[in-house]
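Visitor: No letters, just coordinates:
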RNA sequence: GGCGCUAUGGUGCAACGGUUAGCACGCGGCCCUUUCAAGGCCGAAAUACGGGUUCGAUUCCCGUUAGCGCUACCA
């Protein structure tokens, strides 16, 4: 399929955030669904920045949105396009509507329309009973300017009576009464000496989706009620609407719309916390969508293979952080080790613990730590990791010789007065070993415990604190093997010296 | 207020007229055990309410209730 035919016949979707805030998890989920759909069908993904509101728009936030999408692995084939740079297109479309009678110049002050929940006094059609006009219809729409001399905005002239229908892939056939739809603004009134201002949302969306040949509009269900307006606009512009697919919203734990008070809603905050992007993606994909079966661990290629609009739910979903954390630990454990290593590398670079000799193919360091060693260490650590920064915090002693021993761990496992003596003895015995492997360390350590008249567990726990500084760490003898004989012995001796002082 | 959407355990999803209503997270217990995880096993926990339609409703229809959305010269 050539690119030209793709543009004409293939699936084309878009994600259209507004830079009035960061990338919200709800927006991220919408972006993800669009992306999965595009990739599933070999279509094109478009990124469009809807920045037509100069007042609220914060250009500096665009980069954060892009960063968030990139972290999520959501890429795009076209764009980013900026609506603020496409003003002429919208003005031309608005003029076309005025010319063909589907829009009018409105001279009313903006606040006259606010609320919109009444009939213009003095108009004939008064609401009695149901089904009658309930929204403002000013006299401007009939060519009688309400406020002569004022700068006009362009409003869409919603038909009186009748209904507007459209099909939604998720919600089914929808029908709205035209009398419930206000004469929405297409173009703001001009400021200063300009004739008209910027486009409003409805116009920009429709003009751009037409211009960009968007075939499927996948967006939040908060736009369901806006859709009839857009369908009307498509017709006025002589086009047929695309396929709509509205996806349910994401809520906080109390079922109200997800917001800051529910905790983090900025996708970049999850990156900062150290979640794996693929785990986050898997979690997000399952919010409002189901592949059908019971399997939940779906890697990105599985998501792409199985994604379909038919699997999208109509029920709003609560963002469940514990489940997100579960997904993260699952990915930490189940990912092929080579897929995990780059993430750990980034984390160690971030914390300044990274060593160049750990990159694949690099010459090993004098202490024989090379890429294979790094891989083994990560593999040993990962069942206990919850978030990426754990590799730099409680696992620090695996990657650096500069670590401190947790006072609480010492308190708990160095309580027995025999500990210093046992540690010293263990250091001697281990130093004398001629082979360094799990079983050798195991036998030697247990022998020391037995000779000292203590349970093996007591010594094992004490040694763990001595060599990694933490109460929590991987099984001791595996840890010893990964750390190496010299380090283990040195740290034991250091621990004895330290505890003697204390 | 008006209009619209939705309604399966606490949460996310299955079951798309006939199942002992399934899976997962979380929660409790047990096992494993060298700390902490992971893992294994077991358990508690749901069809919002009321009417219909039907031989039979979680499933279809109506109403109620609740939640959410839209109702801006925001997007």
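Guide: Yep, that arrived. The structure presented is a predicted model; accordingly, all values stated were derived computationally and were not measured.

Visitor: for RNA strand B, what are the nearby residues on the stretch 301-450 of chain A?
Guide: Counting by CB under 7 Å from any atom of the strand, the residues of the stretch 301-450 of chain A close to RNA strand B are A:311, A:313-318, A:320, A:322-323, A:325-326, A:329-330, A:333, A:383-384, A:442. Every C-beta, even on glycine, is put in place using the N, C-alpha and C of the backbone.

Visitor: now do 10 Å
Guide: Contacts of the stretch 301-450 of chain A with RNA strand B, taken as CB under 10 Å from any atom of the strand, map to A:310-327, A:329-330, A:332-334, A:381-386, A:394, A:409, A:412-413, A:438, A:441-442, A:445-446.

Visitor: Mind checking which of those residues are in helices?
Guide: Residues of those located in helices (DSSP state H): A:321-327, A:329-330, A:332-334, A:381, A:409, A:412-413, A:438, A:441-442, A:445-446.

Visitor: can you pull the contacts of the residue lying closest to residue A:250 once chain neighbours are set aside?
Guide: Among residues not flanking residue A:250 along the chain, residue A:26 sits closest, at 4.5 Å (CB to CB, 6 or more residues apart in numbering). By CB atoms under 8 Å, 6 or more residues apart in numbering, residue A:26 lies in contact with A:220, A:249, A:250, A:258, A:265.

Visitor: and if we set it to 7 Å?
Guide: By CB atoms under 7 Å, 6 or more residues apart in numbering, residue A:26 lies in contact with A:220, A:249, A:250, A:258.

Visitor: Below-threshold pLDDT in the stretch 401-502 of chain A: ranges please.
Guide: Low-confidence segments of the stretch 401-502 of chain A, defined by pLDDT under 70: A:499-502.

Visitor: circling back to that earlier point, give me the element the residue nearest to residue A:250 is part of.
Guide: Taking DSSP states H and E as the criterion, residue A:26 maps to helix A:25-40.

Visitor: With residue A:372 instead?
Guide: Using DSSP H and E, residue A:372 sits within helix A:371-381.

Visitor: Kindly calculate the angle that that helix makes with helix A:321-334.
Guide: 140 degrees (axes from the mean of the first three to the mean of the last three CA atoms, to 10 degrees).

Visitor: Show me what secondary structure element comes after helix A:371-381.
Guide: helix A:396-399.

Visitor: From the residues of the stretch 301-450 of chain A next to RNA strand B, list the buried ones, please.
Guide: A:312, A:316-319, A:324-325, A:327, A:329-330, A:332, A:381-382, A:385, A:394, A:409, A:413, A:441-442, A:445 (16 or more other CB atoms under 10 Å).

Visitor: ok, now which ones touch the residue of chain A most remote from its centre?
Guide: Largest separation from the mean C-alpha position in chain A: residue A:451, at 56.1 Å (CA atoms, centre = their mean). Taking CB under 7 Å, 6+ apart, we find residue A:451 in contact with no residue.

Visitor: quick one, what contacts the nearest residue to residue A:202 once chain neighbours are set aside?
Guide: The shortest distance from residue A:202 to any non-neighbouring residue, by CB to CB, 6+ apart, is to residue A:229 (5.2 Å). Shown in contact with residue A:229 (CB under 7 Å, 6+ apart): A:181, A:184, A:202.

Visitor: Make JSON lines from these and add pLDDT and neighbour count to it.
Guide: As requested, the contacts of residue A:229 are exported to JSON lines (pLDDT from 0 to 100; neighbours: other CB atoms under 10 Å):
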{"residue": "A:181", "pLDDT": "94", "neighbour count": "21"}
{"residue": "A:184", "pLDDT": "96", "neighbour count": "21"}
{"residue": "A:202", "pLDDT": "98", "neighbour count": "18"}
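
Visitor: and those near RNA strand B, which?
Guide: A:181, A:184, A:202.

Visitor: tell me the mean pLDDT over the helix or strand harbouring residue A:229?
Guide: Using DSSP H and E, residue A:229 falls within helix A:227-236. Across helix A:227-236, the average pLDDT comes to 98.

Visitor: The helix or strand following that helix: how far from the chain's middle?
Guide: Where DSSP H and E defines the elements, the next helix or strand beyond helix A:227-236 is strand A:243-247. Relative to its chain's centre, strand A:243-247 lies at 20 Å (CA atoms, centre = their mean, to the nearest Å).

Visitor: name the helices or strands packed onto strand A:243-247?
Guide: Other helices and strands packing on strand A:243-247, by 3 or more CB pairs under 7 Å, 6 or more residues apart in numbering; DSSP states H and E, are strand A:163-168, strand A:216-220.

Visitor: Identify all contacting residues around the next helix or strand after it.
Guide: Following strand A:243-247 in sequence order, the next helix or strand is strand A:250-251 (DSSP H and E). Applying CB under 7 Å, 6+ apart, the external contacts of strand A:250-251 come out as A:25, A:26, A:29, A:257, A:258, A:287, A:316, A:317, A:318, A:319.

Visitor: Could you verify my assumption that residue A:150 touches residue A:106?
Guide: No. Using CB atoms under 7 Å, residue A:150 is not in contact with residue A:106; the gap is 9.2 Å.

Visitor: Specify which residue of those two has the higher count of neighbours.
Guide: residue A:106 (28 against 15; other CB atoms under 10 Å).

Visitor: May I ask which helix or strand of chain A has the lowest mean pLDDT?
Guide: helix A:3-9 (a mean of 53; mean pLDDT, DSSP states H and E).

Visitor: who does the very next helix or strand once past it pair up with?
Guide: The helix or strand immediately downstream of helix A:3-9 is strand A:12-15, counting by DSSP H and E. Counting by DSSP bridges, the strands paired with strand A:12-15 are strand A:44-49 (parallel).

Visitor: How far off centre is the helix or strand following the strand it pairs with?
Guide: Later in the chain than strand A:44-49, the nearest helix or strand by DSSP H and E is helix A:62-72. From the chain centre to the centre of helix A:62-72 is a distance of 9 Å (CA atoms, centre = their mean).
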